[in-house]
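Participant: predicted structure and sequence below. I'll ask about it afterward.
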Amino acid sequence: MTAPLFFAGEKLFADSMNDRIAHVIARAQRTDSSPGTTSATGVGVTSLTVDVLAGHRYRVDIPLCHATSTTNGDLTLVKVTHSVNGSTPTASSPAILGAQAVAAPHPTAPFPVVGFITPNADLTLKLLVCVARVGGSGTSSIFGDGIRVMDLLVWDMGIDPGNTGTNL
């Protein structure tokens, strides 16, 4: 994380500090293996609800995900779906932008799943980590034990400056 910049003579207030420093505002942890599925739509395995602010950029992050399958070469999809209208998200709900990854496990190497959302109104964001088998014939799941855990993190990245980049 980059340290915030402050200038000589600047008055520091707690609310301005919060806008400058990314921090985790919610976390869900799974320490055991998820239910398995043969569905291409998938099943929910971990949920999290968090209140978010309009105009802030939020990073939805699974730093290390251990997808697995009972059959070598299967393709396993891990995604984070969401709802913002008060309903409970399902495996068919929209995924957070970028928050999905496909792995060909067995054995699996851990991989990240990262996405971003910038709400245009204060709201309650409901998240659901889902696993699906999108190729092959086995049963896909997210592996977990006391050492290999899955954390679902929501980071408040501060006020979104908008897209200031240029595509080439």
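Facilitator: Right, received. Where do you want to start?

Participant: where does pLDDT dip in the chain?
Facilitator: 1-20, 105-108 (pLDDT under 70).

Participant: how about the strands in it?
Facilitator: According to DSSP state E, the chain carries its strands in the segments 23-30, 43-52, 56-65, 67-69, 75-83, 95-103, 111-117, 123-135, 140-142, 150-159.

Participant: in its sheet, what does the fifth one sit against?
Facilitator: Each strand pairing with strand 75-83, determined using DSSP bridges, is listed with its direction: strand 95-103 (antiparallel), strand 123-135 (antiparallel).

Participant: again with the first one
Facilitator: Using DSSP bridges, the neighbouring strands of strand 23-30 in the sheet come out as strand 150-159 (antiparallel).

Participant: can you give me the buried ones in stretch 64-82?
Facilitator: For stretch 64-82, the buried set under the neighbour-count rule, 16 or more other Cβ atoms under 10 Å, comprises 65-69, 74-82. C-beta coordinates here come from the backbone N, C-alpha and C atoms, glycine included.

Participant: one step back: could I get the strands paired with strand 75-83 as TSV with mean neighbour count?
Facilitator: Formatted as TSV, the strands paired with strand 75-83 follow (neighbours: other Cβ atoms under 10 Å):
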stretch	mean neighbour count
strand 95-103	18
strand 123-135	21
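
Participant: Ser87: which of those is closest?
Facilitator: Closest of the strands paired with strand 75-83 to Ser87 is strand 123-135, at 7.6 Å (criterion: Cβ to Cβ).
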